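>>> Quick one, what's the 3D model for this:
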Amino acid sequence: MKQIILSFTLFFLSLTLFSQVNLVKLDSQLSENFSINVLEQNSQGLTLKLTNNSYYFKDVNTPRGESVIVRSPKARNNFPKGSPDLPIIPTSIMIPNQGGFSYNIISSEYVTVENIEIAPSKGTIYRNQDPETVPYEYGREYFVDDFFPQNSAFISEPFIVRDARGVNISFFPFTYNAIQKELRIYSEIILKITFTNDNFPNQIVNNNSKVSYEFSKLYERHFVNFKSSTKYTPIEEGTPGKILIIAKDAYASAMTPYIKWKLEKGIETEMVLISTIGTNSNDLKNFIQNYYNNNDLTYVLLVGDAEDIPTINVGSNYTDNGYTYLAGNDKYADIFIGRFSGNSLVDIETQVQRTVTYERDLNASDTWLTNGFTSASSEGAGQGHNGESDVQHMNIIKNKLQNYGYTITSVNQQGGNNTQISNHFNAGTGIANYIGHGDETLWVNTEFTNSHVNALTNENKLPFIWSVACVNGHFKGRTCFAEAWLRAQKNNQPTGAIAFLGSTINQSWTEPMTAQDEMIDILMETYASNIKRTFGGLSFNGMFKMIEAGGEGQSMADTWTIFGDPSLMVRTKTPQAMNISHNAVMTIGETSFQVNCDEENALVSITKFNEDVTTILGTGYVNQGVATINFESLTEPGVVLLTITAFNKITYQEEILVIVPSGPYVIHTEYSINDEEGNNNGLADYNETIYINETLKNVGVDVANAVVANLSIVDENLGTILEGQKSFGQINADETKTENNAFKLSIVDGIADQTNIKTILTITDGNANEWTSNVFIPVNAPKMKLAFNAIDDSEFGNNNGSLDTGETFKIKIQAKNIGHASSVAGTVSISSESEYVSSINNSIYNISSLEENQDVITEFDISLAEEIPSGTTIYFDFKLIAGMYLDSLSLGFSVGEQIEDWESNTMTSFNWENNSNFPWTIVTDEVYEGEYALKSGTPTGGGESSLIINLQVLNDDQIEFYKKVSCEPVMWGFMWDHFAFFIDDAEQGAWAGEVAWSKETYNVSAGQHEFKWSYIKDAYFNQGQDCAWLDNIKLPPHQNVVAVMNTKSNILENSIEIYPNPAQDIAYLNLNIKENSSVNVRILNLSGQIVYEFANPINIYSGENNILINTQNFTNGVYIVTVSTNQETLNSRLIINK
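Residues are numbered from 1 along each chain as shown. Modelled structure (predicted):
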């Protein structure tokens, strides 16, 4: 070990470091940046050499007077609070799948600076704090006569990243003895690591998974010994990874264009509905874990808000990223995850639309992609990584991006405003970077809020955004800032952003700066070994660098959330066309296809679309100008789709015709409808007889003689083929031939709207060739829907829009045809079993035929009893019958003024949802009036304690409540811990500090609403009693939707009811079952003969179900109806009397 001792005085005089920041190079011939090199590596271990060549001192004032902080370019200062503020140099290495290791310093060289006062570290500073106000505090290291750190290097426990096992290494090239006031500066440290057979954590036992392209490049960048490692097997070509979509059931239909595009692109994509997985984060984590174990999974996309697809807790913080920790007992992501968060189908549809458009449709006219945006606060001087303030940090990023080819506009805290930001985004920008203070709904630097985002007009000119800020991604219980960027629309076109990286918690000051720098460096292809193209790959790689650097990097990585598609291939330049050539046709029997392309590593995919299903036939990457796509032998003619995608290139898509090598081959190409005997609209409708004009094409190479086509129907309950055969005669090669009125089909009455009738077209010729095609005929029909409209008590009541004792009023119910064909005339009826309903004056309301999307308001006169107990809910049942189409509706209405004061000492008076991890509780020690009130939970470590009720509000009214709050006060104009009230996720009011009992009143419109009271807490400071109280909530007039649904679904035993009974041409089977089941229905006459039976069992859900039975062909008499479920067989009697 070599050392040089320098006195403080000589060092100061010669270098004048302490009056200004001057970089000192130990060797003028070497780079100022440190370097880490592998000196040797084999199966027994490896040796690393750290070369540290520069540093500088920064003057600060501490309680001990003038001191310095030591800095070194690219190093990280993140020792714990109270320790000497010294640089750390991190790196990572790959180690064998099994076993352990030992390590030692085999040599080092350093110089010593004497008589120097090093300031203590302030520790982790969060971005809801002002760094200047955080005091210097001296820890135990300042009272021990020893160097800190004691060793020049430290190696962490092993971790696993997908299929690679590694460790983090921290080099400590600066050590300090506070008693002796001596600083050692190491210019060289040589570290030897020896692999052992010890039983260390996170061993890889079986590893059979393929590695996606994104992860293979991640290893090259992350592990300093990657190229010399004997462990890693290079990735095979043609493996772009797999996407798993986990979606809320109601949003499944919106994902179809996304899935179709990803498959066309060549990425295996599968969607699983959350209802098939479970209801909590454990169910979801187990499902993802099992899926990962059995598939080459690279990306997970969650579709829905936190209430739909649950987050998972990591420590005290909720996160999506916790689902990515799948290999080993560590917190390195093994897949990339993102979320399409939405509260409606429209929210999801716009995120699908923007993703597909961005990847597939941008072209050479999209020059806006080279525009960029940066924004930074004016704070953090001397506190950021490398001692940078936020502006200095962002200026470095700005210069890098400008050198890469971007034109950057900066709108900073000093001198910037919202108008400047809006104008820039409206003009179109490809990338945006922010650093500074943040809140749940804004960038604090310029107070750019959700409202400003929603007002943007940058239609389909969308940036990807990396935001270093507090709680921009805090999406639980609100529409956060990140979500607003992904949901914004104008003129039904996407605005806002294509992807957004935002934190669910308060971010620390320095660690995310490290990650943001790494993301930019990788984006600009600074590292040839780690070129990333996807937003997920870029973002998670940056976070890996942040974890490696230590400090709070791990907790920041836990909670920095991707809003958008993690597999999105970002664009950084104006897209350019690729030079591509290939054959125009394929032949049946071929098993490969060659494409010539001038873009290396372009992804080439061949897919087939059949019966609404896209199937990947094969994929490959362009290598030396050629991609050969291998696939299973093609067995039938038709069309396949060739798709070629590459970074910053225009997507190429071309249909390739698949032909036969010899003989004729006749296929179905299209059909049209002739319904002159029906409504003559050229469409297939219910209860209609149609003719089908059929078109065939001979895609073979020889003539087809004596061609005959036969049409059959798969499910005869849907219709009858009246004329099913047609002669087409001779069809020459490549000839198309149409025969009008080729087939005749009668469609049944009562068929469900938008049913696809599946038919099979069998084509033969004179040489005994036979070809078949599936032909689907979509059918239009009515679809009837009942919905609550209003309570009208203006004539005989008190005109308050709600039910009161002794009152006569009208219930108005909307009957609407939401189908695609006109209905016949029908009726709407009302009934109630309540003893408090004195009379229903008109129980049946006749309605006329309703056109598509037409509605009518029906009215029923009701009188109530003079005495009704307080809090009573009266239920009414409504049934709509329009020919073979029906609907039913059950409504419950509360009588009198609805006040929740918890004086029953229960939470059962109304249907409260109190399911958060920190539930509300009934208390007696702090009330507004009476004996009881409700107190929030205290979210330890951050989170929310939420109380929710869903109400169908009958008319425009108000909600009022009394609240009390005791928590951390407002600081710097921001609420950290606070109590808030929301209507439909929109914050109506928020309170922090010490707030005495006081009343709040808010207007509420008629309709369905969610009301939520939340005590919201961050993870950092406690003050007061850290909670909120509620009392005397006056709810608006309402029907309790949740209660009605629960009443109907909480079936104690299976039962059936038939109405009308006796019946004539139709009967309705009302089936109540306890749990989901497959059901078969048979109807027998008294001789035991089956006169009606389902062709196949149908799946129905627990609760009330209505099944229509067509009895037109039944003769008068008595029949036995038998219903077989998974649990039992039920019987009932049906009488036909025409």
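
>>> Direction included, what does whatever helix or strand K726 lives in pair up with?
Assigned by DSSP states H and E, K726 belongs to strand 725-731. Paired with strand 725-731 in the same sheet, following DSSP bridges, are strand 704-713 (antiparallel).

>>> ok, residues contacting the strand it pairs with?
664-666, 692, 694, 696, 698, 719-721, 724-732, 739, 742-743, 745, 757-767, 769, 775 (Cβ atoms under 8 Å, 6 or more residues apart in numbering). Every C-beta, even on glycine, is put in place using the N, C-alpha and C of the backbone.

>>> Next, the buried residues of stretch 773-790.
773, 775, 777, 779-784, 786, 788-790 (16 or more other Cβ atoms under 10 Å).

>>> Using CSV, please lay out those together with secondary structure.
Below are those laid out as CSV (DSSP: H, G, I helix; E, B strand; the rest coil):
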residue, secondary structure
S773, strand
V775, strand
I777, strand
V779, strand
N780, strand
A781, coil
P782, coil
K783, coil
M784, strand
L786, strand
F788, strand
N789, strand
A790, strand
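
>>> so can I have CSV of those showing pLDDT and distance to I421?
Output for these, formatted as CSV (pLDDT from 0 to 100; distance: Cβ to Cβ, whole Å):
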residue, pLDDT, distance to I421
S773, 88, 56
V775, 92, 54
I777, 95, 53
V779, 96, 51
N780, 96, 48
A781, 95, 51
P782, 95, 50
K783, 92, 46
M784, 92, 49
L786, 91, 48
F788, 86, 44
N789, 86, 44
A790, 85, 44
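
>>> Rebuild the residues you listed as TSV, extending it with distance to L48.
TSV is the format used below for those (distance: Cβ to Cβ, whole Å):
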residue	distance to L48
S773	65
V775	68
I777	70
V779	71
N780	72
A781	73
P782	75
K783	70
M784	74
L786	73
F788	72
N789	75
A790	76
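
>>> which one of those residues sits closest to T441?
F788 (32.9 Å; Cβ to Cβ).

>>> Which of the contacts of strand 704-713 fall within strands?
Among the contacts of strand 704-713, the ones falling in strands (DSSP state E) are 666, 692, 694, 696, 698, 719-721, 725-731, 739, 742-743, 745, 757-764, 775.

>>> just to revisit the earlier point, which of the buried residues of stretch 773-790 lies closest to C480?
C480 lies nearest to F788 out of those, by Cβ to Cβ, at 32.3 Å.

>>> Setting aside sequence neighbours, what's the nearest residue to that closest one?
L891 (5.8 Å; Cβ to Cβ, 6 or more residues apart in numbering).

>>> Doesn't that neighbour belong to a strand?
Yes. L891: assigned to a strand according to three-state DSSP.

>>> For the remainder of this discussion, apply numbering that starts at 365.
With 365 as the first residue, the last one maps to L1255.

>>> Please name the residues that touch it.
By Cβ under 8 Å, 6+ apart, the contact list for L1255 reads 1152, 1175, 1239-1240, 1242, 1403, 1408.

>>> Only the buried residues of stretch 1243-1262, if you could.
Within stretch 1243-1262, the residues scored as buried using 16+ other Cβ under 10 Å are 1243-1253, 1255-1259, 1262.

>>> send the alpha carbons of it over as PDB?
Extracted C-alpha coordinates of stretch 1243-1262, given in PDB (Å, rounded to 0.1, in the frame of the first residue of the first chain):
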ATOM      1  CA  LYS A1243     -90.200  -5.800 -15.900                       C
ATOM      2  CA  LEU A1244     -90.100  -4.800 -19.500                       C
ATOM      3  CA  ILE A1245     -91.600  -7.100 -22.100                       C
ATOM      4  CA  ALA A1246     -91.400  -6.200 -25.800                       C
ATOM      5  CA  GLY A1247     -92.200  -9.400 -27.800                       C
ATOM      6  CA  MET A1248     -89.300 -11.800 -27.300                       C
ATOM      7  CA  TYR A1249     -87.200  -9.100 -25.600                       C
ATOM      8  CA  LEU A1250     -87.200  -8.200 -22.000                       C
ATOM      9  CA  ASP A1251     -85.400  -6.500 -19.100                       C
ATOM     10  CA  SER A1252     -85.900  -6.300 -15.400                       C
ATOM     11  CA  LEU A1253     -84.800  -3.700 -12.800                       C
ATOM     12  CA  SER A1254     -85.000  -3.600  -9.000                       C
ATOM     13  CA  LEU A1255     -84.700  -0.300  -7.100                       C
ATOM     14  CA  GLY A1256     -84.600   0.500  -3.400                       C
ATOM     15  CA  PHE A1257     -85.600   4.000  -2.100                       C
ATOM     16  CA  SER A1258     -84.900   5.300   1.400                       C
ATOM     17  CA  VAL A1259     -87.800   7.000   3.100                       C
ATOM     18  CA  GLY A1260     -87.300  10.300   4.800                       C
ATOM     19  CA  GLU A1261     -84.200  12.400   5.500                       C
ATOM     20  CA  GLN A1262     -81.100  10.200   5.400                       C
END
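
>>> centre of the chain versus that stretch, how much separation?
For stretch 1243-1262, the distance from its own C-alpha centre to the chain's C-alpha centre is 35 Å (Cα atoms, centre = their mean, to the nearest Å).

>>> go on, stretch 940-957?
With Cα atoms, centre = their mean, you get 36 Å for stretch 940-957.

>>> wait, F1282 sits on G1301?
Yes. In this structure F1282 lies within contact range of G1301 using Cβ atoms under 8 Å: 2.9 Å.

>>> In strands, which of the buried residues of stretch 1243-1262 fall?
Per DSSP E, the buried residues of stretch 1243-1262 map to strands at 1243-1246, 1249-1253, 1255-1258, 1262.

>>> can I get these in TSV with distance to R851 and pLDDT?
Shown next, in TSV, are these (distance: Cβ to Cβ, whole Å; pLDDT from 0 to 100):
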residue	distance to R851	pLDDT
K1243	38	91
L1244	35	93
I1245	40	92
A1246	37	93
Y1249	36	91
L1250	37	87
D1251	32	88
S1252	34	85
L1253	31	86
L1255	32	84
G1256	33	80
F1257	34	83
S1258	34	79
Q1262	33	81
